[in-house]
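Enquirer: Structure for the following, please:
(chains A and B)
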Amino acid sequence: MSLAVLIPLFPLIGFLINGLGFRRVPKSLVGVIGSAAALASFACALSLFLNFSGQPEVVHIFDWITIGDFNISMSFQIDQLSLLMLLIITGVGSLIHIYSIGYMHHDEGFGKFFAFLNLFLFFMLLLVLGSNYVVMFIGWEGVGLCSYLLIGFWNKNTNYGNAARKAFIMNRIGDLGFLLGIFLIITHFGTVEYADVFSKVAEGGYESGDKTLMYITLLLFVGAMGKSAQIPLYTWLPDAMAGPTPVSALIHAATMVTAGIYMIIRSNVLYSLSPETLEVIGWVGTATALLAASIGLLQNDIKKVLAYSTVSQLGYMFMGLGVMAYSSSFFHVMTHAFFKALLFLGAGSVIHAMSDEQDIRSMGGLRKKLPITFITFLIATIAISGIPPFAGFFSKDEILAHVYEHNKLMWVLALAGSMMTSFYMFRLLFLTFFGEFRGTHEQEHHLHESPIAMTAPLMILAVLSAVGGFFNLPHIFGGHASLATFMEPLFAQSHIEAHAPNESTEKMLMIVSVIAALVSAAVAYVMYVSKKAVPEADGTETGLQKVVYNKYYIDELYDTVFVKPITALSNIFYSFVEFLVIDLIVEGIGKLVKGISGEARLVQNGTTGYYIFAMVISIAVMLIWGLRIFILG
Amino acid sequence: MSVLSLLIFLPIAFSVVILLLPENLKGYFKWITVGVTAVEFLLSIWVYLQFDQHTEGFQFLVQKDWITLPLGSLGVASIDYLIGVDGISMPMILLTGLVMFIGSISSFEIGQKEKAYYALYLLLTGSVIGCFVALDMFLFYLFFEFMLLPMYFLIGIWGGPRKEYASIKFFIYTLVGSLFILVVMIGLYLSAIDPVETALQTGLISELEQVTPNLISEIQRLLAEGRLPSEQLVHTFDLRFLPDPNNFLPESWLHIFSNISIGGMGLRSWAFIFLLIGFGIKLPAVPVHTWLPDAHVEAPTPVSVVLAGILLKIGGYGLLRIAYPIFPEAASELAFVIAIVGVISILYGAYNALAMNDLKKLIAYSSVSHMGFVLLGIASLTNEGINGAVFQMFSHGILSAMLFVLVGVLYSRTHDRRINSYQGLASKMPVYTALTAIAFFASLGLPAFSGFIGEFFTLIGGFNSLYFPKWITGLGVLGLVLGAGYFLWTLQRMFFGKYWSRYEESLLVDLNTREKIMLLPLAILALIFGIFPNLVFDVSNQAVNELMKLFV
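Expert: Just a heads-up that it's a prediction; the model follows:
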C-alpha cells in the first residue's frame, strides 16, 4: 500500500478510536492518540516529499462510481502542490493537536474534540490528495461538516450554534457553485480527473477567454468564495470564532480556509485561459482585503481582530491569483499558515491565562506575565505586518510586486490594506501586552504562562514565522526562489507570461511597503502606548466609526434581503398555498362529488309513479334518438 | 417454488396463519412477523447476490398461464403470472426486505389489536414485493391496488387523532391515481399482442421451444400487414412485449402512428400523462402530494417507515417500469414538464419543511423534496440521471426509514412531536442526538453518505439532459441549501442550547436496545452505500442501458 493512503488513514483511525470510544478511552490517552495520528501523517507526508521524483503520481485506490462510460475513481494525486499542502496541513495540524492537549484539558468533551479534529484532518487531506474534482468535493464538504461541529462545539450556547449553522449554510451556497462547476466540467469534458481535464484543455486549442472555461472557472470560484471567506460570502468566518481557539487556528486560519486558493492553483490551466474570471478574482480579493482590514481596525475581541485579519489576508492571496502569481499566492498560504496559526494559538494562550476573557480592553501589560506568549506573538505580528526579514514580508511583497505590474490602482489599494494590517496588528499587540493591566483582580491573580504543551508549538511556529520567508528567497537577495522553482511544473500547461517586475522596481516597491508598515506601527505605538488610549465602551461610537464597528451592517443586510424573505416565503407556502389552494381544491373536488351524489340520490325516492314517469321519458328520448333520421327528414 | 414467488407468498401465508392463531397467542405475533420479515430480508439479499449484473433482460423469470380467455373477435385475453427481476427492480426488492424488517421491529410499539395489525403488515409485505417483481401489467396492477387495503386500515385503525381523515384522503388520492393507470392498461391491452402466444394460436409453431427472433419478426410483419385474423390475436399485459411498437395492432389507438388526437395531443401522449398522474400521486409530486403529510402525521411509526421507505418508491419504479419504456417518445416530448414538476417538488417541499413545527411533518415534506430529485433524474433521460434516480430511491428508503424511526423514538416518550417543545436534548439523550445528526447530515446530502450520491447523479443527469435547459437543474440545486437550512435549524432548535422541555426530564431517556438495533444498521448502511455506491450502480447500470436504447 502506498504511503499516500496511510496519510489520511491515520487521522481516520484516530477519529474512530476517540469518536466511538468517547468517554471510554482514558483522558490521558485521548490526546496522545489524536496527536500521534497527526504526527504519523506528517511523517508519511515528509517521507513522500523527500522521496518525490518530480513526476506527478496517481495512486488508484478503488473504482468509486461507474455509470455507463462515466467513471469516478477514488484515487490520490501526489505532486508538488499536494505534497506542499500535505506538509502544511499535517505539520501545523500536529502542532495544534499537541497544543490542544493543554488548551482543552479541562473540557468535558475532550475526547469528542480530538475525534472531530482528527476527522477534520482526514477530510482536509482527502481534499488535497484527491486526483479529481469529486474527491476534492467530498473533502470540501467534509471539512465543512467538521467546521460546523467544531464551531458549535460548545453547543449549549445558542449563539455558538447559530454561528455554526451560518458557517455551514454559507459554505453550502458556495458549494452549489462548485457543484455546478463540476457538472459543467463533466458535461464538457466527460471526466473529472485533473490530468484528463487539463490535458484536454491544453491540447484542445482553447482560446484565451473561452466562454465555457469562463463559466466553469467562475462557478468554481463561487465555491472558493464560500470556503475561503471572500465577499460576499465572508461573514461566517468572523462568527466562526465561537469555536475553541485551536479550531480557529487550524481550520479557520491555517488550512481549511485556504482550500479555495488550493482549488484555483490546482485548476490553474483553466483559470489562465479565463482572463475575465481572473479579473473578477483579483478585484474580489482586493475588495475583501480592504473591507476586512478596515473592520479589523476597530474590533475589540482578540479573536475577532484575527478573524478579520484572516479574511483580509485571504483577500491578498486571491489578489495574487487574480494576477496569475500562483506560486506567490501559495507562498503566502504557507507563511500565513505559520504566523496566523501562531497568532491564534498565542491568543488562545492569552485567553487561557485570562480565564476566558477575550476583550482586549480588559487586558494590557501581559508581556511580563506571559513572556513566551508575548515574544512569539510579537514575531508573528512583525511577520504579518510585512516587516523584513520575517516570513510575511517576502510572501506579501511578491504578491504586491505582481499586482503592481498588473494594475497600479489595485496595488495602491493593496498597499492601503497592508498599512491597515500593520496598524490593527500592532494595536492588538500593544493593547494586549503593553501598558497597565485593565482586568479584574481575580483575573490578575490568575495570570500565568501556559504549560509546555502549549508554549512548545508557539515556539516552533515562531521559528517558522521568522524564517519561513527563506523558503522562497527572491533572487534580488541572492536567493533561488526555491518554492517557485519547485512548483513550476504545475504551471507547465498554462503558459503564464512572465510578469516579474525588474529589479529596481522590485526594490522600490519593497521599500515603499516596508515604510508604510513601519509608519502604521509607529502610529499605533503613539496611540496605544505613548498616549495609552483604550477603545471606548460599546455603544459610544459615532458616525463612520459606528458603521465600521458594526461591520458595515452586512449581517443585518443579509438578514433582511435573504433570510427574512425565505422564511416569509416558506410560511406563505405552508399556510396559504398548501392549505388554501391545493387542499381546498382537493377537498373541493371531494365535496363536489359528495354534493352531486347527494342530489342524485334524491332521484331514487322510492315512489313507483316517479320511476314509471322516468321510464316513459327515457324510452321516448331513446325512440326519438333512434328515429331522428325520420323525424328530421 | 421460485425464490421470487416465495418472497411474495411467504408473508401472505403467514398473514393467514396469524389470522388463524387464537387470540391468546398474541404475544407471538410480533415475533412471527419479525421472523418472516427477517427471512424475507435474507432472501432478498440472496437474490441480490445471485443476480448477474451482465445479463440482459429479466432474471429469475417465472411464467405461468393464469387466465386465458377467447373473446371472439376481440382476440384472446391472456393474463400471466409473470414475475422476474432486473437491475431496476433489484435495488427495490432489497430495500423492501430491509425496510419491512426494520418496520416489523418498530411495530413492537403497537399495543392494540395485534392480530389484525400483524396480519395486515405481512399482507402488505407480500403485495409490495409482488408489485416490484410483477412483469405482467395486470399482475402489477393487482398488487398495486392490493397494497391500498392494508395501508388504509393500518393508518385508519392504528393512526393518530385525525386518522379517519388521513386514511380516507390517502385512499381516495391513490385510488384516483390507479384509475388513470387502469384506463391506460385497458388501452394497452386492446392495442398490443403477445407475438409468441399469437404464433402458437395461429399454429405457426406448436411448442414454445420453437420460438426464434425470425419467427417473432415474421409475426410482427403479418400483424403490420393486417393478415392475422383478429380472433387468433393473443392480447397481452406482458411488460416485456409492450415496449416494442411492432407488437401493436396497426389501427389501434395506442399504435405509434395512431393519429387520433384529443385537445391537440396524441392518444399516446395522453396515455403517458395518465400514467404520470397515477404514479406521480404515489411518488408524490407537487401538486398531488397533499395526502402524504397527513398520512404520515397520523400513521403509527412503523407504517410511516414503510410508507416513506418503500411505498413512495413504487411511484418512481412504475414510471421506469411502465410509463417510460412503453411511451418513450411521449416521455421525451414531456421531459421539460416533468423536470419542472420535479424541481417544483424539490423546492416547494423544502420550503414547506422550513416552515414546519411538527417534526414528522417536516420529514414528510423533506420526502417530497427528495423524491423531486427522483423525478428530475428520470426526466433527464440520461444514464446518469436514471441511475441516480434509482439510487436516490434506494437511499431515500434507508434514510427516511431512519428519520421516521427517530421521530417515533421521541413520540413514544412524550407523545409530542412539536419542535418547540424541546431544547438542548443533546445533554439528555446523547446517543439519540448523535444518530439524529447523522441521519440529518446524510439526508442533506453530505458526501460519504448515500444521500449525496443520489442527489449528485440526478443533478448531473438533469444538467446533461438534452431535453431541457440547464437553468432548471440550476434551480433544483437550490434544494440542497434549503435542505441544509431546515435540517440544521431543527437540529439546533431541538438538540442544542440549554436543556428545556415541556415534559418531565425522566421521560426523556436515551435510546433502548431495540431502538439501537433499528437505527445503527440504517446509519451504517447509509454510510456503506455512500462509500460504495457501485453496490447499486453495478446492478442498475445494465437495465438503465437497455432502457436508454429506447430513447435514441
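Enquirer: how close does the residue lying closest to A:Met363 once chain neighbours are set aside sit to chain B?
Expert: Excluding its sequence neighbours, the residue lying closest to A:Met363 (Cβ to Cβ, 6 or more residues apart in numbering or on different chains) is A:Thr432, at 4.7 Å. In this view, the C-beta of every residue, glycine as well, is placed from N, C-alpha and C. Taking Cβ to the nearest Cβ, to the nearest Å as the measure, A:Thr432 and chain B are separated by 32 Å.
Enquirer: Quick one: neighbours of A:Thr432, just the number.
Expert: Residues near A:Thr432, counting by other Cβ atoms under 10 Å in any protein chain shown, number 25.
Enquirer: Flag every residue of the stretch 451-600 of chain A that's near chain B.
Expert: Counting by Cβ under 8 Å from any Cβ of the partner chain, the residues of the stretch 451-600 of chain A close to chain B are A:566-567, A:569-571, A:573-575, A:577-578, A:582-583, A:586, A:590.
Enquirer: Give me the buried entries from the residues you listed.
Expert: A:Thr567, A:Ser570, A:Phe573, A:Tyr574, A:Val577, A:Glu578, A:Ile582, A:Asp583, A:Val586 (16 or more other Cβ atoms under 10 Å in any protein chain shown).
Enquirer: and these as a markdown table, adding distance to B:Ser412 and pLDDT?
Expert: Shown next, in a markdown table, are those (distance: Cβ to Cβ, whole Å; pLDDT from 0 to 100):
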| residue | distance to B:Ser412 | pLDDT |
| --- | --- | --- |
| A:Thr567 | 31 | 85 |
| A:Ser570 | 29 | 84 |
| A:Phe573 | 30 | 85 |
| A:Tyr574 | 26 | 84 |
| A:Val577 | 33 | 83 |
| A:Glu578 | 28 | 81 |
| A:Ile582 | 31 | 82 |
| A:Asp583 | 29 | 80 |
| A:Val586 | 31 | 83 |
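Enquirer: Just those residues: which are in strands?
Expert: Residues of these located in strands (DSSP state E): none.
Enquirer: Counting only helices, which of these make the cut?
Expert: A:Thr567, A:Ser570, A:Asp583, A:Val586 (DSSP state H).
Enquirer: Just to check, the first one is in contact with B:Gly485?
Expert: It refers to A:Thr567. No - using Cβ atoms under 8 Å, A:Thr567 is not in contact with B:Gly485; the gap is 9.6 Å.
Enquirer: pLDDT of whichever helix or strand A:Leu415 is part of, averaged?
Expert: Assigning secondary structure by DSSP states H and E places A:Leu415 in helix A:408-433. Average pLDDT, helix A:408-433: 91.
Enquirer: how many other residues sit next to the nearest residue to B:Gly280 once chain neighbours are set aside?
Expert: Residue nearest to B:Gly280 in three dimensions, not counting chain neighbours: B:Val288, with 5.8 Å by Cβ to Cβ, 6+ apart. Residues contacting B:Val288 under the criterion other Cβ under 10 Å number 20.
Enquirer: if we can go back for a sec, what residues are shared contacts of A:Thr567 and B:Gly485?
Expert: Common neighbours of A:Thr567 and B:Gly485, counting by Cβ atoms under 8 Å, 6 or more residues apart in numbering or on different chains, are B:Leu354.
Enquirer: any bit of stretch B:476-495 sitting next to chain A?
Expert: Yes - using Cβ under 8 Å from any Cβ, stretch B:476-495 comes into contact with chain A via B:Val477, B:Leu478, B:Leu480, B:Val481, B:Leu482, B:Ala484, B:Gly485, B:Leu488, B:Trp489, B:Gln492, B:Phe495.
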